[in-house]
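Asks: whatever this is, show me its structure:
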Amino acid sequence: MRVAIVINTSWNIWNFRRNLVRALQAAGHEVLAIAPPDAYSARLETELGCRYVPIAMENKGTNPAKDALLTKRFYDIYRRERPDVVLQYTIKPNIYGTIAAKLAGVPSVNNVSGLGTVFIVKNLVSKVALGLYRFAFQFPKRVFFQNDDDRQLFLQHNLVRQEITDLLPGSGIDVDKYRPDPAAPVRHEPFVFLMIARVLYEKGVEEYFEAARQVRAQVPGTRFQLLGGIDESGGVGVKRAVFEEWLQAGNIEYLGTSDDVPAHIRQANCVVLPSYREGTPKTLLEAAAMGKPLVTTDVPGCRETVLDGHNGYLCQVRSADDLGAKMLQVLRLPDAELRRMGEASRQLAEQKFDERIVLQKYLQIVDKVGLRRQGSRQTA
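Replies: Take a look at the predicted model:
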């Protein structure tokens with residue numbers, strides 16, 4: 001069968017769906033990668049063996065004229081490429097790609113991997129987005145959610161029928177690839193905290209800076225690192241000038257971006273994500289699989305990765321004070337307890353977030369939907 005994976009960036013396919021591509025290919029399927037062009041597009045063909053199909057797509061904002069054109073672009077691609085099933089991720093493919101797939105007669109399977117600002121910020125744009133979800137989500141054969149809070153929110157707003165929904169443990173984690181380093185020390189001197197996220201307010205970046213200041217006031221020399229790109233688009237990112245002003249205080253080491261995130265996790269003692277809401281954050285799954293204690297917010301998506309007091313601590317959302325207090329708790333743990341907490345993270349990753357669970361569900365739905373599609377073609 002021909003399976004299309006549709007996301008808002010080629011980078012996203014490369015970083016988060018690479019093993020899904022390989023699993024589909026191993027099952028005998030041809031995989032199309034449909035996404036806007038970026039530095040990773042060529043690698044999807046040369047290193048993964050996909051056929052890459054570019055599409056122009058603006059990831060931010062809602063403009064009716066532009067979105068109508070985007071729907072037409074999706075429709076033209078689906079009619080031309082004739083996939084047996086499309087697997088869609090991120091907001092615009094989930095909405096406009098689904099409408100286009102319905103018009104083109106192609107079955108779609110959607111993945112709600114996080115709600116972004118739609119459910120965090122209440123404004124006209126979010127109301128429009130909810131209406132678009134309600135219309136588009138009449139048509140998918142299956143809608144996967146990465147946590148039950150998000151699924152319940154969609155059901156409460158009557159955005160989707162319960163019988164087509166299912167849960168996934170995020171995008172899962174390759175527990176064979178991401179493993180603890182037996183040679184790594186339990187505690188670095190000085191202690192190292194690491195946050196991995198784009199520089200967006202909704203990721204809790206501002207709270208992280210303030211909490212770092214508070215912790216360093218009590219335990220001077222503690223290191224706080226931030227790994228992730230600056231994103232000023234859409235009005236949700238921290239402006240570069242503001243961010244550089246924050247950095248001047250000297251409490252945070254900004255690492256920029258990296259193609260080798262595990263190398264940075266390996267050098268940290270604890271991984272932190274004070275986000276306002278997530279699907280299930282891949283970075284926390286990677287850190288858990290590598291045996292790191294976690295500190296994250298008690299919000300949908302994040303709370304699934306931490307058993308409070310067992311493999312890390314949950315803190316209050318939008319509270320730098322509580323974030324700082326929880327990081328101090330980790331910092332002050334005896335080495336034996338710090339080691340036990342890291343081992344508990346690894347155990348949770350193996351039992352709950354192994355990506356084989358995700359891959360198996362996708363292979364099953366592709367077979368079910370795609371075979372039905374092929375059967376209808378043959379009888380047409």
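
Asks: and the gap between Asn110 and Asp148?
Replies: According to CB to CB, to the nearest Å, Asn110 and Asp148 sit 17 Å apart. To be clear about C-beta, it is placed using only N, CA and C from the backbone, and glycine gets the same treatment.

Asks: for the two, indicate the residue with more neighbours.
Replies: Between Asn110 and Asp148, counted using other CB atoms under 10 Å, Asn110 has the larger neighbour count: 30 against 13.

Asks: wait, that one sits on Phe145?
Replies: No. The criterion here is CB atoms under 8 Å, and Asn110 misses it with Phe145 at 9.5 Å.

Asks: quick one, what contacts Gln248?
Replies: With contact taken as CB atoms under 8 Å, 6 or more residues apart in numbering, Gln248 is in contact with no other residue.

Asks: go on, Glu58?
Replies: Glu58 neighbours (CB under 8 Å, 6+ apart): Lys66, Leu70.

Asks: pull out the buried residues from the strand or helix carrying Phe224.
Replies: Per DSSP states H and E, Phe224 falls inside strand 223-227. Neighbour-count burial for strand 223-227 flags Arg223, Phe224, Gln225, Leu226, Leu227 (criterion: 16 or more other CB atoms under 10 Å).

Asks: let's see the pLDDT reported for the last one.
Replies: Okay, so that is Leu227. In the prediction, the pLDDT value recorded for Leu227 is 98.

Asks: go on, the second one?
Replies: Phe224 is assigned a predicted lDDT (pLDDT) of 98.

Asks: contacts only, for it.
Replies: Going by CB under 8 Å, 6+ apart, Phe224 touches Phe193, Met195, Tyr208, Ala212, Val215, Arg216, Asn251, Ile252, Glu253.

Asks: quick one, strands of the stretch 51-200 of the chain?
Replies: Assigned strands in the stretch 51-200 of the chain, in chain order: 51-54, 85-89, 108-112, 142-145, 165-167, 192-196 (criterion: DSSP state E, counting those that start in this stretch).

Asks: turn the ones you listed into a markdown table, columns for distance to Thr296.
Replies: Output for these, formatted as a markdown table (distance: least, CB to CB, whole Å):
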| stretch | distance to Thr296 |
| --- | --- |
| strand 51-54 | 34 |
| strand 85-89 | 22 |
| strand 108-112 | 20 |
| strand 142-145 | 19 |
| strand 165-167 | 19 |
| strand 192-196 | 10 |
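
Asks: any chance of JSON lines for those strands, columns distance to Gln267 and mean pLDDT?
Replies: Formatted as JSON lines, those follow (distance: least, CB to CB, whole Å; pLDDT from 0 to 100):
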{"stretch": "strand 51-54", "distance to Gln267": "34", "mean pLDDT": "98"}
{"stretch": "strand 85-89", "distance to Gln267": "30", "mean pLDDT": "97"}
{"stretch": "strand 108-112", "distance to Gln267": "32", "mean pLDDT": "97"}
{"stretch": "strand 142-145", "distance to Gln267": "33", "mean pLDDT": "97"}
{"stretch": "strand 165-167", "distance to Gln267": "33", "mean pLDDT": "96"}
{"stretch": "strand 192-196", "distance to Gln267": "6", "mean pLDDT": "98"}
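
Asks: domain parsing for this protein?
Replies: Listed domain ranges for the chain are 2-172+355-379, 192-352 (source: automatic domain parsing).

Asks: could you tell me the least trusted of the ones you listed?
Replies: The weakest mean pLDDT among these belongs to domain 2-172+355-379, with a mean of 90.

Asks: centre of the chain to it, how far?
Replies: Domain 2-172+355-379 sits 14 Å away from the centroid of its parent chain (CA atoms, centre = their mean, to the nearest Å).

Asks: and of the strands of the stretch 51-200 of the chain, who's closest to Phe74?
Replies: Closest of the strands of the stretch 51-200 of the chain to Phe74 is strand 85-89, at 8.9 Å (criterion: CB to CB).
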